[in-house]
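S.K.: please work out how this folds:
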Amino acid sequence: MSPSLARLFGQNSTRNVDLRRLMLQCHHGAQTIYAVCVGAGDAFINRYWPVLRMAVARKRLHLLVADEHPLEALRSGKTQQAEQSGEQEAAKNLARGYEELMSDVKGKGDVIYVNRTDPKERHWYGHVRADIVFVLVPDDQHIKVAKDWLRRSTLIIIEKPYNRLLREAEQFQRDLGLMMNHIGGDVPATWVCAFDHYLAKIGRYAFAKEKDSLFSRIGALERVEFAILEKGPVEAWRGRSLEAGMIYDLFSHVLAMLSLELDLSTFHEDAVTEIKVAHHKDCPCGFQADTFAHLDFALKNYDGREIKVVGDVGKGVGDRDDKFLTLVGEFGLIQCDLNPRGSGKILIEERDHRTRQPIPGTRQPIYDVGRGHEEFLETLLAGRYVEEPTGGMTGDTAIEILRIMNSIRETIPDSMYTYDVGDPKNDIAESATPLPIARSD
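M.R.: Predicted structure coming up:
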C-alpha cells in the first residue's frame, strides 16, 4: 500500500471516532444509514443508483437524491441528449434508471428527491444531516458542494477530479485542517475522501501486492505504460462533464493509479520528455478541449528512484477500446486489463534475468479487475472502508493530481491538430500538437 493510501484514515485522529462508529453501523446493520447523493446525472444513474437502490430495498439505507432540476425534466433532458447523440443503448439505460428512481420517489418510502432550485425544498435540504454524502456534480462545483456538508455529515466522497480550480481545492484542505480545532458537542467530525473508480478497479492489487511480494517476482519497478483509449467520440450528452478535456477526464484516472507506486509530488517540467494533444473532428457543439493526449514523463517512486511513464488517453481513437496499466520491472511485469470487455484480470509475467525474455508458463492471472463503483459501494456499505478504502485517496493526493493536470492544461493552445474519429493511435500521436511543458535538451 502506498504511503498516501495508508494514511487515508489516521488511526489516532480524534476525527476517526465518528467514522468508525459509522462503519460499525454499516457492518452490523443495526441502524439505517442516511445517505445523500448530490447530483443525479448519468454518473449517479449508471454507477450509484443500482447498488444504492438494493441497499434501500434491504432497509439498510435512507437515500436523498438532489439536483438542480425537477426530476422529470432531468430524465427527459438526459435521455434526449443520449438519443440525439446516437447512443440508443445509453438512452435506454438512462430512461430505465430514471423511471425506477421516479417510481421509488413517488412511493414515498426511503428514497427522496430534492430540486435544489426550489426555495421550499432548498430550505429544509439545508438543515439535513447525513452519514454519507456523495458529490456527483460537475467538477467545477465539487468543493462548493462539499463545503455545504461539512459539520453536518460524517463522510463526504468526492468523485474525481477533486475540483477544477486548484486554489479552491487547496483552500478547502486548509479549511479541513482548521475544522479539527473545533470538534465537540453534537457537531459531527467530517471526513472527506477523494474517489477514483479506476483506482477501485485495481483495488485487489492495491491491498494485496505487499502481502503477495509481487515485486520480488518482477524486480524493481523501471517503467509504467498505460492507455485509456475509447473508440467512441466525445458524447454530446456528456459534454458538460467532459468540457475540461481528456487530460482532466481520463488522465486523472492514470494519476490515481500511479499514486500506488509513484510520488505524484515529484512531477515537474524537467521530468517531461513529451506531451502532445489533439482534437477529433465533429465534436459536439461548443466542445473545444483536447480529446487525445500522448504523455511521456517521469516520476520518482517512494524510495526516490526515477520511473519512466508513457501512454495515451483519448476518445474517438482506433477501432476498439484499449485500456491497460502495465508495471514493468527488472525481470517481469504486472499488467492490469482495464477493458470492460477484456479478460477482467491482473496478470503477472516473469522474465529471464539475463535475456529479459518471457519465461514460458509464468504468465498467469493473480487478481480480478473490479467494476469500480460496485466494489467501492459494497465495501463502504459493509463497513470495511476504513480498513480497505477501495478507490480512496487523501486530499493531498487528489490535489497533486489536480496540480499536475493544471500545469499541463495551462499550456494547451486554443488550436491543435485535428484527427478523424477512428484514426489509429500512433498516427494521431505522431501528428499531435506538442506542448511547451517539455524539458529542453
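
S.K.: what does stretch 276-284 rub up against?
M.R.: The contact list for stretch 276-284 (Cβ atoms under 8 Å, 6 or more residues apart in numbering) reads 85, 233-236, 239, 247, 288-294, 314-316, 412, 416-421, 423, 428-429, 431-435. (Each C-beta comes from the backbone N, C-alpha and C, glycine too.)

S.K.: from those, which land in helices?
M.R.: Secondary structure assignment (DSSP state H) places 239, 247, 428-429, 431 from the contacts of stretch 276-284 within helices.

S.K.: looking at those, which is nearest Asp148?
M.R.: Gly239 (25.5 Å; Cβ to Cβ).

S.K.: ok so Phe226 is a strand residue?
M.R.: Yes - under DSSP: H, G, I helix; E, B strand; the rest coil, Phe226 sits within a strand.

S.K.: so who does it touch?
M.R.: 254, 257, 309-312, 324-326 are the contacts of Phe226 under Cβ under 8 Å, 6+ apart.

S.K.: next one: Gly219
M.R.: Here Gly219 is in contact with 329-332 (Cβ under 8 Å, 6+ apart).

S.K.: okay, now the closest residue to it other than its chain neighbours: neighbour count?
M.R.: Nearest residue to Gly219 in three dimensions, chain neighbours excluded: Glu330, at 2.9 Å (Cβ to Cβ, 6 or more residues apart in numbering). Residues near Glu330, counting by other Cβ atoms under 10 Å, number 13.

S.K.: could we number from 355 for the rest of this?
M.R.: Yep, numbering from 355; the last one is Glu684 now.

S.K.: follow-up on the earlier one: which one of the contacts of Gly573 has the most neighbours?
M.R.: Gly686 (24 neighbours).

S.K.: show me what contacts the closest residue to that one other than its chain neighbours?
M.R.: For Gly686, ignoring the flanking residues on the chain, the nearest one in space by Cβ to Cβ, 6+ apart is Ile572 at 3.0 Å. Ile572 is in contact with 681-688, 702-705, counting by Cβ under 8 Å, 6+ apart.

S.K.: what's the spacing between Ile572 and His707?
M.R.: Applying Cβ to Cβ, to the nearest Å, the value for Ile572 to His707 is 11 Å.

S.K.: what residue ranges in the stretch 555-704 of the chain are flagged as low confidence?
M.R.: 591, 593-595, 639 (pLDDT under 70).

S.K.: in it, mark out all the strands, start to finish.
M.R.: 575-584, 616-617, 626-634, 646-655, 660-669, 676-683, 686-691, 699-704 (DSSP state E, counting those that start in this stretch).

S.K.: need these in TSV (columns: distance to Gly749).
M.R.: TSV is the format used below for these (distance: least, Cβ to Cβ, whole Å):
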stretch	distance to Gly749
strand 575-584	24
strand 616-617	16
strand 626-634	25
strand 646-655	19
strand 660-669	23
strand 676-683	23
strand 686-691	25
strand 699-704	27
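
S.K.: so Tyr552 makes contact with Met611?
M.R.: Yes - if you go by Cβ atoms under 8 Å, Tyr552 and Met611 touch, sitting 5.8 Å apart.

S.K.: correct me, but Leu509 touches Met377?
M.R.: No - at 9.1 Å, Leu509 and Met377 do not qualify as touching, with contact defined as Cβ under 8 Å.

S.K.: rewinding a little: from the contacts of stretch 630-638, which would you call buried?
M.R.: The neighbour count (16 or more other Cβ atoms under 10 Å) marks 439, 587-590, 593, 601, 643-648, 668-670, 766, 770-773, 775, 777, 782-783, 786-787, 789 as buried among the contacts of stretch 630-638.

S.K.: who's in contact with Gly670?
M.R.: So Gly670 contacts 584-588, 634, 645-646, 773, 775-777 (Cβ under 8 Å, 6+ apart).

S.K.: any regions of the stretch 355-504 of the chain where pLDDT drops low?
M.R.: In the stretch 355-504 of the chain (pLDDT under 70), the answer is 355-370.

S.K.: what about the strands in it?
M.R.: Using DSSP E, counting those that start in this stretch, strands in the stretch 355-504 of the chain cover 387-392, 415-421, 465-469, 484-489.

S.K.: tell me which of those is the most buried.
M.R.: Comparing the strands of the stretch 355-504 of the chain by mean neighbour count (mean count of other Cβ atoms under 10 Å), strand 484-489 comes out on top with a mean of 25.

S.K.: for that one, C-alpha coordinates in CSV please.
M.R.: Below are the C-alpha coordinates for strand 484-489, written out as CSV (Å, rounded to 0.1, in the frame of the first residue of the first chain):
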residue,chain,number,x,y,z
ALA,A,484,-26.3,12.7,6.7
ASP,A,485,-24.0,9.8,7.4
ILE,A,486,-22.6,9.7,3.9
VAL,A,487,-22.6,12.3,1.1
PHE,A,488,-21.6,11.5,-2.5
VAL,A,489,-20.6,14.6,-4.5
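
S.K.: now do that strand: distance to the chain's middle.
M.R.: 17 Å (Cα atoms, centre = their mean, to the nearest Å).

S.K.: how much does that strand deviate in direction from strand 387-392?
M.R.: Strand 484-489 and strand 387-392 are oriented at 20 degrees to each other (axes from the mean of the first three to the mean of the last three Cα atoms, to 10 degrees).

S.K.: relative to strand 484-489, what are the paired strands and their orientations?
M.R.: Strands that pair with strand 484-489, judged by DSSP bridges, come out as strand 387-392 (parallel), strand 507-513 (parallel).

S.K.: which SS class is Pro714?
M.R.: Classification of Pro714 using three-state DSSP returns coil.

S.K.: can you get me a residue count around it?
M.R.: By other Cβ under 10 Å, neighbour count at Pro714 equals 6.
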